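> Please find the sequence and the predicted model below.
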Amino acid sequence: MHLDELRALLARHARPDGGTAIDGVLISKVERSNAPSASMSGTVLAVIAQGAKRLALGDRVYEYRAGQYLVASVDLPVTGHFTEASPDRPALGFGLTLQPAAIAELLLQAAGDIPRSGSALPGIAVSDASDELLDAVIRLLRLLDRPRDLAVLAPLTIREILWRLITGEQGAIVRQLGLADSSLTHIARAVHWIRDHYRQSFRVEDVARLSGMSVSAFYRHFQAVTAMSPIQFQKQIRLQEARLLLATHPSDVTGVGQRVGYDSPSQFSREYRRQFGAPPSIDSAQLRGAGRSAASSLP
């Protein structure tokens with residue numbers, strides 16, 4: 001029953017831009033399976049009500065379908081696509097941006113009732129959605145039909161959704177977002193630094209120091225969260241940025257490679273082909289020919 005109503009609400013309120021009248025809430029409706037597309041995950045809860053999606057992060061592959069949810073606690077470079085979607089039965093999903101401050105507030109209110117995890121945890125996880133979580137998501141979406149109640153009740157219902165996540169199967173991953181001294185916070189600092197400085201070379205020792213961790217602890221936790229080494233992570237960011245630039249500068253492959261940090265055109269072409277399955281010039285032409293569209297507003 002939960003999924004039936006959730007599907008109906010998502011189908012009714014889906015918009016082309018994926019947005020809704022509730023800040024931080026997204027709705028995805030995709031009518032055909034598509035080729036894998038690279039993007040950043042964001043820090044998000046994504047619930048699938050119909051269809052299925054596959055997501056790759058480094059050497060990890062996540063698959064989730066109707067009745068399951070994915071949480072991403074760090075903004076990571078991922079490649080994903082819907083594997084089950086058609087005009088008659090489109091893929092339908094709900095997304096909620098996870099705000100660290102809101103999670104921290106709940107953890108403070110719960111005081112000592114919430115355990116802490118000292119181990120390194122992945123940045124992305126998939127689980128079955130509980131009835132309580134689905135019920136809260138449905139009640140939040142019902143408010144889209146009641147504009148008068150929206151401003152007052154939406155924040156309360158979002159708090160409930162966050163509480164269901166914090167106390168659910170993947171609670172340890174979500175709780176890290178709200179803990180200022182968690183290993184995730186230290187790794188997120190490094191992730192943001194690498195994303196902002198992806199064009200320049202760096203030493204892992206320097207980024208570990210920036211994160212306030214020893215080199216060995218930093219490398220271990222970074223690998224656990226991102227499924228990549230720091231250098232591999234930088235390469236993912238460079239190649240994703242290059243693909244975006246090639247959409248507007250398709251004839252300047254060498255220049256695009258240099259702009260994202262590659263000194264060697266041959267290395268850029270080789271790594272680009274390994275990542276996207278075709279050399280930069282051919283891939284950019286294929287993207288333009290297909291009228292490149294986003295896979296969805298959800299990870």
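Ah, there it is. Numbers count the residues shown, from 1 in each chain.
> Follow the chain on from the helix or strand harbouring Gln109 and name the next helix or strand.
Remark: Gln109 resides in helix 100-110, with elements defined by DSSP states H and E. Once the chain leaves helix 100-110, the next helix or strand it forms, by DSSP H and E, is strand 124-128.
> Tell me which stretches of the stretch 1-150 of the chain form helices.
Secondary structure of the stretch 1-150 of the chain (DSSP state H, counting those that start in this stretch): helices located at 2-13, 100-110, 131-142, 147-166.
> Just the buried residues of the first one, please?
To tie it back to what came earlier, the one meant is helix 2-13. For helix 2-13, burial by neighbour count (16 or more other C-beta atoms under 10 Å) applies to His2, Leu3, Leu6, Arg7, Leu9, Leu10, His13. In this view, the C-beta of every residue, glycine as well, is placed from N, C-alpha and C.
> out of those, which one sits closest to Ser28?
Using C-beta to C-beta, the shortest approach to Ser28 within those belongs to Leu10, at 8.0 Å.
> Touching, that closest one and Leu92? I think so.
Yes. If you go by C-beta atoms under 8 Å, Leu10 and Leu92 touch, sitting 4.3 Å apart.
> which neighbours do those two share?
Common contact partners of Leu10 and Leu92 (C-beta atoms under 8 Å, 6 or more residues apart in numbering): Ile27, Ser28, Lys29, Ala49, Gln50.
> By neighbours, which of those residues wins?
The most crowded member of those, judged by other C-beta atoms under 10 Å, is Ala49 (28 neighbours).
> returning to what we had before: what about the helix holding Gln109, average pLDDT?
Throughout helix 100-110, pLDDT has a mean value of 89.
> Equivalent analysis for stretch 27-38, please.
Stretch 27-38 shows a mean pLDDT of 88.
> Determine how far the last residue of it lies from the first.
By C-alpha to C-alpha, to the nearest Å, the extent of stretch 27-38 from end to end equals 19 Å.
> how big is the angle separating the helix holding Gln109 from helix 147-166?
Interaxial angle, helix 100-110 versus helix 147-166 (axes from the mean of the first three to the mean of the last three C-alpha atoms, to 10 degrees): 70 degrees.
> quick one: buried residues of helix 100-110?
Neighbour-count burial for helix 100-110 flags Pro100, Ala102, Ile103, Leu106, Leu107 (criterion: 16+ other C-beta under 10 Å).
> which strands and helices sit next to it?
Judged by 3 or more C-beta pairs under 8 Å, 6 or more residues apart in numbering; DSSP states H and E, the packing partners of helix 100-110 are helix 147-166, helix 171-176.
> any residues touching stretch 5-25, and which ones?
26-29, 47, 49-50, 90, 92-97, 99, 134, 137-138, 140-144, 147, 150, 154, 158, 296-298.
> Apologies, that question was intended for stretch 183-196.
Stretch 183-196 has contacts (C-beta under 8 Å, 6+ apart) with 73-76, 120-121, 123, 173, 176-177, 179, 202, 207-208, 210-213, 218, 221-222, 225-226, 230, 233-234, 237.
> what mean pLDDT does it have?
For stretch 183-196, mean pLDDT rounds to 90.
> the helices in the stretch 151-299 of the chain, which residues?
For the stretch 151-299 of the chain, the helices defined by DSSP H, counting those that start in this stretch cover 171-176, 183-196, 204-211, 215-226, 230-248, 253-259, 265-276, 280-289.
> Is it possible to get the shared contacts of Leu10 and Leu92 out as a markdown table so that each row also shows distance to Ser251?
A markdown table is the format used below for those (distance: C-beta to C-beta, whole Å):
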| residue | distance to Ser251 |
| --- | --- |
| Ile27 | 38 |
| Ser28 | 34 |
| Lys29 | 35 |
| Ala49 | 43 |
| Gln50 | 41 |
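> coming back round to it: of the contacts of stretch 183-196, just the buried ones, PyMOL syntax please.
Typed into PyMOL, the line below selects the buried ones among the contacts of stretch 183-196, using 16+ other C-beta under 10 Å:
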select buried, resi 73+74+75+76+120+121+123+173+176+177+179+202+207+208+211+213+218+221+222+225+226+230+233+234+237
